[in-house]
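coordinates for the following, if possible.
(2 chains)
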Amino acid sequence: MTAAAYTSNRSSGLRDFIPRLPAGVWSLSGFSLLWFGGIVLPLLAIIVVSFLQGRGLKINFDPTILQYKRFFSYGGGEMLARSVRIAGTVTMIELLLAFPFALWLAKGCKNNTVRLLTFTALTVPFFLSPAARVIVWRSVFGINGVVNQILLGVGIVDEPVLWLIFSEFSVHFGFIGAFFPTMVWPIFLSVSLIDNDFLEASGDLGASRLRTLLHIILPLALPGIVAGFVFTFIPMLGDAVVASHMGGNNVLMLAAQVQSLIGVSNFLVAAALAAVVLAIMLAFQVLLWLALKPVGGLAGVFASLRR
Amino acid sequence: MPTNELAQNASPAAGEAPVLYVERATHRFGDVVALDDVSITAQRGEFLTLLGESGSGKTTLLRIIAGLERPTRIGRIAIDGADVSAIPASRRNCTTVFQHYALFPHMSVGQNIEYGLRVRGVAREKRRKRAEGVLELVRLPDKYDRRVHQLSGGERQRVALARALVTQPSILLLDEPLGALDEKLRVDMQVELKDLHEQLGLTFIYVTHSQEEALTMSDRIILLRQGRVVQQGPPQDLFDRPASRFVADFMGVENLLEGTLESVTGEIAVVRLQGHALRGIWCGPRATEPGTPVCVAVRAERVRLATEQQGFVQGANGIPCRTGATIYKGKYLDQTLETDFGPVKARIWDRDTDLSDLAYVWWREGDCAVTPLGGVGTAGVGPAPIG
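Sure thing, here's the model as predicted:
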């Protein structure tokens, strides 16, 4: 349907009741409506629910912060801090691992077969269900796992090492494996988009490889780094699988806790918890926005893509 | 003033050692030979053009000089007398103006220009002063704070020039810098580049596939084909004294008539062609046997028309003809004339020439070159072109 049809005199029936706006506005507001109805409304509902109180099967509609009080009184604050700390640490580790890797894949690797095999290897984790790929580590790090067998066999330790599984170590490890591709991909794409001419020009003008990396590659790869950061940190905060399978009861994290609360039908505390996660994510967005201010904000980051 | 600061080698001193030596450079891309044992030199302050069609190896040669390409085999590359064969691009005293400019999109015009100084640790104020100086030189004095994407093609070209000039290199390398500009701008920039070259006295090495650009700007042209030098010399030499049929064709000679060499006396060769004896200036090697197949090369604008035999100068080449097709070109007419040995093209500039009773075409022997058919690097069909 073209915009002209809306203004044509022959248009009749239902169309007369629709305000006459260009088609672009319609599709835009259509998307906005879908987004609002599908995503924003449920989130608002969660926030509303988190301020309610249940009595038996009935819900009392007086607003209260009881659910938040309960959450924090049961060690929720500690869990919150732990979740953010672990997700933040792992995201930084991912960045340090993924950037050189993506750089090599985009600019260093000249062999197309090697590159294709690497791409395939990066998608392998997605072949399995998240629980299945995490659970494999149990047989590696468990008390009777491969690592302990080797350590005992060689004689480095006399009894099995316990901190290998159901510990912060194993949670970090599980996250690093699961969220490596989400950091590599955006960085790989943004580095691939950097014209080789820029790198040659930088060298030609007298810059060493390190300076080319700092002055040319890093700023031009910034959109990918920001995207990698967002798509790694936020899903990690929302990931319930790794924490529950690799951390057990020793490393309680937000998302896993929401899931177990829903499992025992404690929807109100679960809603409060979900609202806290939401607040953290919003706070993270604000932090990101502040962090990017020196380079002209998010718009400044993507301005470098304009040619 | 930046002009004085940059004009380090105001005039090429005679007898001075060349600023650039490239000895026996060979480069292969897989099985394809892009550059085949080429040696060149450039004098200080010279405007040297590497001319050739795509795949001739001209860009490869430029990139080898810049240090952006490691040659497969090399005798020696020396800039300013120092061997740089093993030195990376970042420490060679030459800068490149890239074909598509390669201006950093995340930096302003000023930051782009200052880049070479910044990586050399020049202080901020000094950087800015020098950048503003070269911006003035390329006639963009008030564009320091602009973003690259706000500039027109011609402005980007000038910024790229300024960025390459600001570090005061010994040699400026230009890789088809006018290729992306529209025709009028290209013509203007040719003049500007030539002025800039004279003003700075810097050595320019300029890569192009356009014989017109090469003729307009160069002190000397090196014509490459399939990775080899086929002819080098001042523009007039390549234009009027092509060393082979290929050079004549590349330099835009419209009439290439093939015959056999009868004799060479002094400068003048006599060629037998379908019963006619044509005379022209011999441009081939000294000792060439009579009977060798050769090519008579005459430019259309040097071909003249006559209604009778008395109409042309004594000793000139005169051939009976019939009028053929006419092509209107705006400024002139391209007139084809049918002769015993095929069509000959003449260029008619005036509107008064009566084409109805033409009987002869003629040209002076001095207006016509006689070249060998083959010549260096012209044998056979070459490897696939490399850019």
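
any idea how far apart the tips of stretch A:241-253 sit?
Start-to-end span of stretch A:241-253 (Cα to Cα, to the nearest Å) is 10 Å.

contacts for it?
Stretch A:241-253 is contacted by residues A:75, A:79, A:82-83, A:86, A:130-131, A:134-135, A:137-138, A:165-168, A:170-171, A:173-175, A:178, A:240, A:255-256, A:259-260 when judged by Cβ atoms under 8 Å, 6 or more residues apart in numbering or on different chains. Glycine gets a C-beta too; all of them are placed from N, C-alpha and C.

other SSEs contacting the longest helix anywhere in chain A?
Ranked by residue count and defined by DSSP state H, the top helix of chain A is helix A:76-103. Using 3 or more Cβ pairs under 8 Å, 6 or more residues apart in numbering or on different chains; DSSP states H and E, the elements in contact with helix A:76-103 are helix A:168-192, helix A:218-237, helix A:254-263, helix A:267-291.

for chain B, which of these is the nearest?
helix A:218-237 (4.8 Å; Cβ to the nearest Cβ).

so where is the chain shaky, pLDDT-wise?
Just so you know, I chose chain A. Within chain A, the ranges that satisfy pLDDT under 70 run A:1-26, A:55-57, A:300-307.

that's the wrong chain, I meant chain B
Residues of chain B meeting the criterion pLDDT under 70: B:1-15, B:310-311, B:313-315, B:375-387.

now do the domain split for it, please.
B:2-240, B:245-372 (automatic domain parsing).

excluding chain neighbours, what is closest to the residue of the stretch 151-300 of chain B found nearest chain A?
Going by Cβ to the nearest Cβ, chain A is nearest to residue B:167 of the stretch 151-300 of chain B, at 6.5 Å. Of all residues not flanking residue B:167 in the chain, residue B:116 sits nearest, at 4.0 Å (Cβ to Cβ, 6 or more residues apart in numbering or on different chains).

so that neighbour is in which element?
helix B:109-118 (DSSP states H and E).

please name every helix or strand in contact with that helix.
helix B:124-137, helix B:153-165.

residue 201 - how many residues pack around it?
Answering for chain A, as no chain was given. 29 (other Cβ atoms under 10 Å in any protein chain shown).

wait, chain B
16.

residue B:45 is in contact with that one, correct?
Yes. Counting by Cβ atoms under 8 Å, residue B:201 does reach residue B:45; the two are 4.8 Å apart.

how far away is residue B:62 from residue B:142?
Separation of residue B:62 from residue B:142 (Cβ to Cβ, to the nearest Å): 32 Å.

those two: which is more packed in?
For the pair residue B:62 and residue B:142, the greater number of neighbours falls to residue B:62 (21 against 9), based on other Cβ under 10 Å.

dihedrals phi and psi, that one?
phi -60, psi -40 (degrees, to the nearest 10).

who's in contact with the closest residue to it other than its chain neighbours?
Among residues not flanking residue B:62 along the chain, residue B:207 sits closest, at 5.0 Å (Cβ to Cβ, 6+ apart). With contact set as Cβ under 8 Å, 6+ apart, residue B:207 has these partners: B:49, B:50, B:58, B:59, B:61, B:62, B:173, B:174, B:175, B:176.
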